[in-house]
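Student: Below is the sequence, then the predicted model.
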Amino acid sequence: MNLLLILNDPAYGTERSFNGLRLAGSLAHRDDVAVRVFLIGDAVGCAVTGQKVPDGYYHLDRMIATAARHGAEVGCCGTCLDARGLTDEMLTGGARRSTLEELTDWVLWADRTITF
């Protein structure tokens, strides 16, 4: 099964992106599931590497890298990165700049699309 998760919310302040990445990581461990995650809007901040958070708090950049290591593809809206002054070099391993055109392809590829 092909699954696409689209995350919209900021890295911190709500837990929607956190929960979306938790689900993506869990799904990526399944042998019969292909997972793609698209970060759009404020969610592109989830992919910034080296986030400094309080002890015991979750690291979204690490969660993205882990999901990618297990086969998930992670795209970040390029327009949204530019609007927030984020560069490709600031992205964590496994995440890369993408486009709305690629998101369109991913929606057509997916058997199911889940938004957070």
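Tutor: Perfect, thanks for sending it.

Student: ok, now how distant is residue 1 from residue 67?
Tutor: Residue 1 sits 16 Å away from residue 67, going by Cβ to Cβ, to the nearest Å. Placement of C-beta: from N, CA and C, glycine included.

Student: Between these two, which is the more surrounded one?
Tutor: Between residue 1 and residue 67, counting by other Cβ atoms under 10 Å, residue 67 is the more crowded of the two (26 against 11).

Student: Kindly state the pLDDT recorded for that one?
Tutor: You'll see residue 67 listed with a pLDDT of 95.

Student: May I have the phi/psi pair for it?
Tutor: phi -60, psi -40 (degrees, to the nearest 10).

Student: list the contacts for it?
Tutor: 21, 24-25, 28, 35, 37, 74, 94 (Cβ atoms under 8 Å, 6 or more residues apart in numbering).

Student: Could you do residue 7 as well?
Tutor: Neighbouring residues of residue 7 by Cβ under 8 Å, 6+ apart: 16-17, 20-21, 37-40, 43, 46, 115-116.
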